[in-house]
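# Need a 3D model of the sequence below.
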Amino acid sequence: MKTFETIFNQSVITMPALLLIGIVLLIYSNSFNADWHLDDKANIVNNKSVHIENLMPPSIWQTFYASPLQSDKPSRPLAYLSFGINWLISKDNTFGYHVTNLALHIATAITLYFLVLRLLFIVHWYDENKKNLILSIALLSAILWAIHPIHTQAVTYIVQRMAVMGAFFYVLAMLFYVKARTAETAQKQLIYILLCGLWFLCGFGSKENAVMLPFALVLVEWVFFQKGRTDFFRWPITWVVAAGLAAVAIASVFIATGGTPIETMQGWYGSRPFTLEERLMTQPRVVMGYLSQIFYPLPERFSIAHDIAISKNLFNPWTTLPSIAGIVSLIVLAFFLAKRFPLLSFAVLFFFLNHAIESSIFPIELVFEHRNYLPSLFLFLPIAAALYKLLEKYKKDNIFVHGLLAVAMIVMITAVGLSTYTRNFAWATEKSLWADAAQKAPNSIRPLVTLGINLAWQDNPSQSDYEFALMLFRRALDLPETVRRTEKVEILGNIAGVYSKMGKDEKAIQTYREALEIDQSFLKNRSDMINSLIVTGNFEEAARHARYLVNQRPKNHNYLSMKGFILLWQDRPDAAIDYFQQALANGPHRPSLLLNTGVALTRMESRENGRWFLQQAFKRSRGDLLPMLALIENRARAGDPDQATAYARNAVARFPAPVIYNRLENAGTDYRAAPISPEYIEPFIKNELKRSISRNK
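This next block holds a predicted model:
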């Protein structure tokens, strides 16, 4: 009996693989410059742990602890390491990240192609003369999977490389398991099994849902090697293996969550708008929705957000019970049809098996399309097999029908590819992505809020941008679905933030107060409100709120600095300096903090120390005017007119006179910056301006 390697040598399988690469590159050719989105910023752009400067062991180890959600232990270390390498090469330029994501996607598709070849070889439907048929089925199934638009959320959305890497190592481990089971020697078997275990660990190190791999291998064993034999489940060893796999899965969840699954779920469900029971009833509808997207892949059916009503009971919405019944029926049928239709059975069971984590009890977001990247790997295998069997049949019986089927297959590939190409345009910018989502999911809060944030906090927003953002936020507050308390206070905070950016600080303060009435513990709103209170000169109320923040987070350098700044404006430099020193000890030495510290020390008559901090502020702020004016005041108070004159001369040389005088005139009312005393500064500025005019004459 000939082996797989003797029939499918390297030259035979290479050309189809190259065709697969070319098609995927063409379909994704418009995705390389897509912007950062959603969790990209927290996980990559603003994540200092992946901003490495070399590949030395300490830098690599640093990326293993890069997860913003659980930085106290390694989490998805291989995925974060890959982000670190990208950052090392191209910093925040998205092009390199997209190239890496697509390369991993292509690698996954090629590995899938090789695995399907071996699985089809194991199914003894085909003899050696069917080699081309097996190649065609494997290639078509891999192409349909690789170019499907539902995967743009995993491939084009940079941070979901985690899903791509997890699936790549998962399918690679499956390939080596199959190679081990068909190996000719015990030595090869051992090597392949060890490699299978290594890829399993790599998959788990990329994303936790790879923990389902051992169960998938049992499924491969039952469907392809045991030919769907029902007595397979009567073997004691089967249940021993199943118990061992369950223990591995539970232990992995413990590792991933850092506590018991029940503790984790209790903490997470407290901030979700659904209960465990509601999620379990809703997810069957979500999964059936995924299947409808997969088999009816129009571009308008895909979005970063979806309107999904939570199932309150089995009859509300009415689709709840039919969805549950449909999934149970598909799983039962797949078990019973495993002997007659192994490809169909395997595809169905694999799909639901790999939705078992993200579409079950864990209280994560209800819907995300990237969760189908791994489960859908084999869904197109039975479709490809059926199409090619029909082509073979009608090639002999009816050449006209054969031609129609061939054309239909080309049209199907083209249509699916165009859908993906079209979908990638939505990923171009944050604005385009969330505008698309707001149109497709009008009752979803996230698109409205995110689009509003992008409009109001973009570079140089217009008045109409602010007004439109406010409209989006108000619309989000008025959605028919009950808004979670945390969502409501966040939206109110965004509304207040827009008012503040528009210069309407009194309105901003009023809105922040409304938000704090709902949730006193939401610290960001309180912090932002303090800024508006400072701008309006309401230092007494600002001080009370700053005291609350410091009590809640005594080592937060932002809160400490804010409290010191308020005290400085209240003419209490001795009290302010204590907070500034704590802020310097607990956080970065920003120019504003150094400036404030220098001003406080100057007013405490610690002039030389104050001068040092002001000089540091001047250097780090790249020569801003305010530190220079503060240095003039420092030297004037210290009785050093020569040095004050030198600083004044530098200021006059660097800045136009109107800019300097405008800053001095507003010194008593511009509460956004450290207080300065014009009476100490103006004489030196005037003298230098007169000298400058005289010299120019």
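# How many residues are close by residue 669?
By the criterion of other Cβ atoms under 10 Å, residue 669 has 8 neighbours. Heads up, the C-betas are built off the backbone N, CA and C, glycines and all.
# any idea how far it lies from residue 537?
Distance of residue 669 to residue 537, given as Cβ to Cβ, to the nearest Å: 7 Å.
# Kindly report the same for residue 207.
Residue 207 is 51 Å from residue 537, by Cβ to Cβ.
# One more: residue 287?
Separation of residue 287 from residue 537 (Cβ to Cβ): 56 Å.
# What helices and strands are in contact with the helix or strand containing residue 447?
Element membership for residue 447, per DSSP states H and E: helix 445-456. Helix 445-456 is packed against helix 430-440, helix 463-477, helix 485-501, with contacts defined by 3 or more Cβ pairs under 8 Å, 6 or more residues apart in numbering; DSSP states H and E.
# Single out the most deeply packed of the ones you listed.
helix 485-501 (a mean of 21; mean count of other Cβ atoms under 10 Å).
# Name the residues that touch that one?
271, 445, 449, 452-453, 456-457, 461, 466, 469-470, 473-474, 476-477, 483, 505, 507-509, 511-512, 514-516, 518-519, 522, 524-525, 528-529, 531-532, 535 (Cβ atoms under 8 Å, 6 or more residues apart in numbering).
# Might you calculate how far that helix sits from the centre of the chain?
When C-alpha coordinates are averaged (Cα atoms, centre = their mean, to the nearest Å), helix 485-501 and its chain have centres 22 Å apart.
# Offset the numbering so it begins at 5, please.
I'll keep to 5 as the first residue from here, and by that count the last item is helix 489-505.
# after that helix, next one along is what?
Sequence order places helix 509-522 as the next helix or strand after helix 489-505, per DSSP H and E.
# Could I get the buried residue list for the helix or strand following that next one?
Once the chain leaves helix 509-522, the next helix or strand it forms, by DSSP H and E, is helix 527-539. The neighbour-count check on helix 527-539 (16 or more other Cβ atoms under 10 Å) flags 527, 529, 530, 531, 532, 533, 534, 535, 536, 537, 538, 539 as buried.
# How about the second one, nearest residue that isn't a chain neighbour?
If the residues on either side of it in the chain are set aside, residue 529 comes closest to residue 497, at 4.3 Å by Cβ to Cβ, 6 or more residues apart in numbering.
# Okay, now the unreliable bits of the chain?
When residues are selected by pLDDT under 70, those of the chain lie in 5-16, 74-76, 128-133, 237-276, 484-489, 699-701.
# okay, now the domains of it?
For the chain, the structural domains run 8-40+96-403, 594-701, going by automatic domain parsing.
# on that earlier part again, mind putting the helices and strands packed on helix 449-460 in CSV, distance to residue 203 included?
CSV is the format used below for the helices and strands packed on helix 449-460 (distance: least, Cβ to Cβ, whole Å):
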stretch, distance to residue 203
helix 434-444, 33
helix 467-481, 44
helix 489-505, 39
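# next one: phi and psi at residue 320?
phi -140, psi 100 (degrees, to the nearest 10).
# State the distance from it to residue 196.
Using Cβ to Cβ, residue 320 is found at 51 Å from residue 196.
# For the two, indicate the residue with more neighbours.
Neighbour comparison, residue 320 and residue 196: the larger count goes to residue 196, with 19 against 13 (by other Cβ under 10 Å).
# how far does the helix or strand containing that one sit from the chain's center?
For residue 196, the enclosing helix or strand under DSSP H and E is helix 190-208. Counting by Cα atoms, centre = their mean, helix 190-208 is centred 30 Å from the centre of its parent chain.
# So what does residue 317 have for phi and psi?
For residue 317, the backbone dihedrals (degrees, to the nearest 10) come out as phi -160, psi -170.
# What's the local residue count around the residue lying closest to residue 82 once chain neighbours are set aside?
Take residue 82 and drop its neighbours on the chain: the residue closest to it by Cβ to Cβ, 6+ apart is residue 209, 4.3 Å away. Using other Cβ under 10 Å, residue 209 has 21 neighbouring residues.
# Tell me who's in contact with residue 590.
Per Cβ under 8 Å, 6+ apart, neighbours of residue 590: 559, 560, 561, 564.
# want to throw those into TSV with neighbour count?
What follows is these, written out as TSV (neighbours: other Cβ atoms under 10 Å):
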residue	neighbour count
559	12
560	18
561	20
564	26
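# Which of these lies at the shortest distance from residue 657?
Ranked by distance to residue 657 (Cβ to Cβ), those are led by residue 561 at 34.5 Å.
# surely that closest one meets residue 584?
No. Counting by Cβ atoms under 8 Å, residue 561 does not reach residue 584; the two are 9.9 Å apart.
# Give me the common contacts of those two.
The contact sets of residue 561 and residue 584 overlap at residue 597 (Cβ under 8 Å, 6+ apart).
# Which residue lies closest in space to residue 66, excluding its sequence neighbours?
Nearest non-adjacent residue to residue 66, counting by Cβ to Cβ, 6+ apart: residue 53, 5.4 Å away.
# how far away is that neighbour from residue 67?
Residue 53 sits 6 Å away from residue 67, going by Cβ to Cβ.
# what do you get for residue 437?
Distance of residue 437 to residue 67, computed by Cβ to Cβ: 27 Å.
# picking up where we left off before, which of residue 53 and residue 67 has more residues huddled nearby?
residue 67 (24 against 18).
# Which residues are in contact with the more buried one?
53, 54, 56, 81, 84, 85, 87, 88.
# wouldn't the third one be in contact with residue 66 here?
Yes. Applying Cβ under 8 Å as the test, residue 56 and residue 66 come out as touching, 6.5 Å apart.
# which residues are common contacts for those two?
Residues touching both residue 56 and residue 66 by Cβ under 8 Å, 6+ apart: residue 88.
# and the most centrally placed residue in the chain, backbone torsions?
Nearest residue to the geometric centre of the chain (Cα atoms, centre = their mean): residue 43, 2.6 Å. Note on residue 43: backbone dihedrals following degrees, to the nearest 10 are phi -80, psi -10.
# Just to check, it is in contact with residue 163?
Yes. With contact defined as Cβ under 8 Å, residue 43 counts as touching residue 163 (4.8 Å).
# what about residue 211 and residue 541, which has more around it?
Just comparing residue 211 and residue 541: by other Cβ under 10 Å the higher neighbour count belongs to residue 211, 26 against 13.
# Report the contact partners of the more buried one.
Going by Cβ under 8 Å, 6+ apart, residue 211 touches 80, 83, 166, 167, 169, 170.
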